[in-house]
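>>> my questions concern the predicted model and sequence given below.
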Amino acid sequence: MTVPVTPPVQPARAPEQSSALGWLPWTFLAVAAGLMAASGADALSRTGHSGGSPLFWLALALMIFPAAFRLCGARARPGERIATVVVVGIGLYAVKILRDPFGFTYGDEFAHLHNLQSILASGRLFGANSILPITPRYPGLEMVAALIARVAGMSPFAAGVTTVAAGRLLIMLALYVLYARLSGSERAAGVGALLYAATPNFIFWSAQFAYESLALPLAVVALFVTIRWAQERRPGMRWPWELAFATVAAAVVITHHVSAYVLVAFLFAVCLIHWRLHGRAGAPWLLAAGGAVLTIIWLALAAGGTVGYLSPVLTSALKQVIQTLARETPTRTLFANQGGEVTPPAEIIAAMGGIILLGLGLLVGVRLVWQQRWRNPLMVLLVLCGFVYVGTLPLRFVPAAWETVSRAGDFLFVGVGLTVALGIVWMLERGRNRRPLRRRLALAAAITIVFASGVIAGWPANERLAQPRRVTVGGRTLDPPAVVAAQWSGRTLGASQRVFAQDADARYFLTDALQPSFTGDFAPDVDYLLSAQTLTPAIRSMLRGYGVTLVVSDRRAISSDNLFGFFFDVGPPSLTPAVPARKFDAPGANVLYDGGDLIIYGVRGLW
């Protein structure tokens with residue numbers, strides 16, 4: 001990419017500089033105050049009290065608004081800007097940790113925790129995972145966590161939290177330096193990196209112990225290395241950047257399949273745009289081809305099942321998009337929370353307002369890029385990503401497509417952050433002599449609303465605050481029923497058992513009992529087995545085919561919930577009919593554990 005560095009957005013006159021620390025101590029104080037408010041909100045929610053939601057929003061406002069106001073100003077030095085976006089990024093990650101301080105509670109986290117446990121126990125990669133069989137084929141996340149656990153003597157949970165924290169630190173730094181290189185403006189870099197936190201998945205889903213939480217930051221680093229490679233003009237001095245790219249790209253490839261595919265597609269798109277703007281010479285064809293080769297080699301040698309894993313998801317999403325357009329299937333209801341709880345009207349208004357503000361920022365940023373005739377291929381592609389992101393928003397109405405679109409937004413928002421930041425800096429500079437304080441306050445407030453909109457769109461209202469994972473009664477600490485049952489099973493029956501169970505229960509048996517567990521409605525259809533009224537020959541055949549020795553029958557409806565099922569069932573319990581469980585009261589099956597609503601049957605005798 002033989003393209004000159006993009007001209008800076010800032011004026012030629014150097015802005016007055018503040019001290020080295022600037023407002024950084026106050027930023028730390030604001031983030032700390034925000035975390036105190038978040039902790040109070042979680043404590044209220046965990047103990048069944050109201051009032052947590054206002055504290056939650058106060059916490060986020062304390063973290064975002066002061067940082068946005070400072071980053072919109074011209075006086076902060078680059079070091080302060082970098083520190084600010086890092087502190088806010090880590091602070092927002094801490095919000096997720098404060099919600100679940102005792103252990104992992106997201107469905108995918110259990111699968112990756114099991115992989116980490118397997119590596120620590122055996123010292124080998126590519127173990128088996130009955131919940132998500134594809135995940136051991138991409139062990140990059142668990143390799144880092146295992147190294148941290150071994151060197152620092154941490155528990156698997158602590159090592160996993162530390163690994164994701166390192167990923168969060170990496171993505172904030174990588175976004176800042178990438179944006180600074182592309183725009184030539186430290187101001188735009190800081191605002192853009194902060195804006196990326198408005199990604200709907202940023203505060204919760206992208207903070208979980210799962211492979212994208214590390215792979216996406218590494219992919220952003222790879223983009224920065226690509227820019228440095230393109231801007232290297234000294235003869236024969238590109239090879240260090242090529243080596244760096246190969247190292248980072250390989251790390252992405254072994255960590256997450258989708259991140260690797262997106263990175264390769266992104267680089268080839270940059271090459272094509274460069275070809276269109278400047279001709280074939282100078283485009284990063286070598287880097288794009290190298291990334292593609294690494295991806296293909298890993299797919300062929302270690303992760304051949306990836307295609308079979310991803311294709312049903314994509315085909316189902318495409319099929320439902322067509323059916324929705326043809327009005328053959330109902331659309332998904334936006335702002336519908338788990339359990340039928342309704343999103344507050346104020347949050348709906350804030351969410352829609354944030355989307356409008358984001359769209360306006362994109363339009364201003366695109367206009368600026370167009371007027372200044374910036375011809376950096378990566379800049380052009382990131383602007384296009386902003387358009388694509390807006391274009392994908394209607395797909396959130398499609399039930400089978402919304403999750404795919406939501407995850408794609410994590411990648412597309414890299415372009416949104418920079419484009420909107422350019423528009424914000426242009427607005428600040430355009431009126432720098434007319435009420436600058438009001439302008440900064442207004443734009444900082446707009447950034448805060450956009451961030452709130454992302455949180456509202458990304459995570460339902462009744463799932464943002466802590467749930468009771470452990471309770472203290474009479475001086476004793478109690479775990480949820482599924483945890484108790486799984487720990488008993490592992491301690492008493494050993495790791496040689498194979499288990500059929502509901503979604504949440506199966507994950508506890510996988511990680512706490514270390515017993516291979518199966519769940520869901522696809523290969524095998526465990527949901528059918530558990531809900532069937534009678535013990536049919538097909539059920540016996542299924543048990544035999546998977547060598548299942550234990551069936552966990554849990555009447556609590558929460559046990560099938562992949563979000564709430566890892567906590568205590570607060571309030572009057574919602575129970576499923578007892579008839580399906582009674583089919584195992586048959587010759588050849590034994591009740592090994594009876595916890596009332598949760599029963600463990602030994603079913604080896606049934607097959």
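Yes, it's here.

>>> against which helices or strands is the helix or strand encompassing residue 187 packed?
Using DSSP states H and E, the element containing residue 187 is helix 186-196. Applying 3 or more Cβ pairs under 8 Å, 6 or more residues apart in numbering; DSSP states H and E, we find helix 186-196 packed against helix 52-72, helix 78-99, helix 156-183, helix 402-430, helix 436-458. Backbone N, C-alpha and C define where each C-beta goes, glycine included.

>>> average model confidence for it?
Helix 186-196 shows a mean pLDDT of 96.

>>> what are the buried residues along stretch 530-537?
The neighbour-count check on stretch 530-537 (16 or more other Cβ atoms under 10 Å) flags 530, 535 as buried.

>>> that one: how far from the chain's middle?
The chain centroid and the centroid of stretch 530-537 are separated by 37 Å under Cα atoms, centre = their mean, to the nearest Å.

>>> show me the contact partners of that stretch.
500-502, 539, 551, 553, 576, 579-580, 583-584, 586, 606 (Cβ atoms under 8 Å, 6 or more residues apart in numbering).

>>> repeat that for stretch 471-485.
Taking Cβ under 8 Å, 6+ apart as the rule, stretch 471-485 contacts 469-470, 487, 504-505, 508, 512, 552, 554, 556, 559, 565-568, 593, 595-598, 600.

>>> what do you get for stretch 77-94?
Contacts of stretch 77-94 (Cβ under 8 Å, 6+ apart): 17-18, 20-24, 27-28, 31, 34-35, 38, 60, 63-64, 67, 70-71, 76, 164-165, 168-169, 171-173, 175-176, 180, 186-187, 189-190, 193-194, 197, 202-203, 207.

>>> can you list the contacts of stretch 530-537 in JSON lines and add neighbour count, secondary structure and pLDDT?
Shown next, in JSON lines, are those (neighbours: other Cβ atoms under 10 Å; DSSP: H, G, I helix; E, B strand; the rest coil; pLDDT from 0 to 100):
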{"residue": "500", "neighbour count": "27", "secondary structure": "strand", "pLDDT": "96"}
{"residue": "501", "neighbour count": "29", "secondary structure": "coil", "pLDDT": "95"}
{"residue": "502", "neighbour count": "28", "secondary structure": "coil", "pLDDT": "95"}
{"residue": "539", "neighbour count": "22", "secondary structure": "helix", "pLDDT": "92"}
{"residue": "551", "neighbour count": "23", "secondary structure": "strand", "pLDDT": "96"}
{"residue": "553", "neighbour count": "23", "secondary structure": "strand", "pLDDT": "93"}
{"residue": "576", "neighbour count": "18", "secondary structure": "coil", "pLDDT": "85"}
{"residue": "579", "neighbour count": "11", "secondary structure": "helix", "pLDDT": "78"}
{"residue": "580", "neighbour count": "16", "secondary structure": "helix", "pLDDT": "84"}
{"residue": "583", "neighbour count": "19", "secondary structure": "coil", "pLDDT": "88"}
{"residue": "584", "neighbour count": "20", "secondary structure": "coil", "pLDDT": "89"}
{"residue": "586", "neighbour count": "13", "secondary structure": "coil", "pLDDT": "87"}
{"residue": "606", "neighbour count": "19", "secondary structure": "helix", "pLDDT": "90"}
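
>>> between the residues you listed, which sits nearest residue 106?
Lowest distance from residue 106 to the contacts of stretch 530-537 (Cβ to Cβ) belongs to residue 502, with 16.3 Å.

>>> ok, that closest one - contacts?
Applying Cβ under 8 Å, 6+ apart, one finds that residue 502 lies in contact with 519, 526, 530, 552, 554, 559-560, 565.

>>> any idea whether the closest residue to it other than its chain neighbours is helix, strand or coil?
What sits nearest to residue 502 in space, not counting adjacent residues and going by Cβ to Cβ, 6 or more residues apart in numbering, is residue 559, at 4.1 Å. With DSSP: H, G, I helix; E, B strand; the rest coil as the basis, residue 559 sits in helix.

>>> please enumerate the strands of the stretch 101-250 of the chain.
Counting by DSSP state E, counting those that start in this stretch, the stretch 101-250 of the chain yields no residue ranges for strands.

>>> where exactly do the helices run in it?
107-122, 140-152, 156-183, 186-196, 212-231, 239-253 (DSSP state H, counting those that start in this stretch).

>>> please name whichever of those helices is nearest to residue 390.
helix 186-196 (14.5 Å).

>>> and the angle from the closest one to helix 156-183?
140 degrees (axes from the mean of the first three to the mean of the last three Cα atoms, to 10 degrees).

>>> which residues touch helix 186-196?
With Cβ under 8 Å, 6+ apart, helix 186-196 has contacts from 9-10, 64, 67-68, 71-72, 74, 76, 78, 81-82, 84-85, 88-89, 171-172, 175-177, 179-180, 183, 202, 413-414, 416-418, 420-422, 424-425, 428, 447, 450-451.

>>> just the buried residues of the residues you listed.
By 16+ other Cβ under 10 Å, the contacts of helix 186-196 give 9-10, 64, 67-68, 71-72, 74, 76, 81-82, 84-85, 88-89, 171-172, 175-177, 179-180, 183, 202, 413-414, 416-418, 420-422, 424-425, 428, 447, 450-451 as buried.

>>> reformat the helices of the stretch 101-250 of the chain as TSV; add distance to residue 282.
Formatted as TSV, those follow (distance: least, Cβ to Cβ, whole Å):
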stretch	distance to residue 282
helix 107-122	40
helix 140-152	31
helix 156-183	16
helix 186-196	24
helix 212-231	7
helix 239-253	14
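
>>> so which of those helices is nearest residue 442?
Each of the helices of the stretch 101-250 of the chain has some distance to residue 442 by Cβ to Cβ; the shortest is helix 186-196, at 13.8 Å.

>>> where does the prediction get shaky in the chain?
1-19, 313-314, 316-318, 320-321, 323-341, 396-402, 431-433 (pLDDT under 70).

>>> how close does the spatially most central residue of it get to residue 42?
Centroid-nearest residue in the chain: residue 206, 1.8 Å away (criterion: Cα atoms, centre = their mean). For residue 206, the distance to residue 42 equals 19 Å [Cβ to Cβ, to the nearest Å].

>>> same deal with residue 533?
41 Å.

>>> ditto for residue 189
Relative to residue 42, and taking Cβ to Cβ, residue 189 is found at 33 Å.

>>> among the two, which residue is more densely surrounded?
residue 189 (28 against 23; other Cβ atoms under 10 Å).

>>> ok so, going back, to residue 379, which of the helices of the stretch 101-250 of the chain lies closest?
Counting by Cβ to Cβ, residue 379 lies closest to helix 156-183 out of those; the figure is 5.3 Å.

>>> packing partners for that closest one?
Using 3+ Cβ pairs under 8 Å, 6+ apart, helix 156-183 sits against helix 78-99, helix 107-122, helix 140-152, helix 186-196, helix 212-231, helix 377-392, helix 402-430.

>>> next one: the fifth one to chain centre, how far?
To tie it back to what came earlier, the one meant is helix 212-231. 18 Å.
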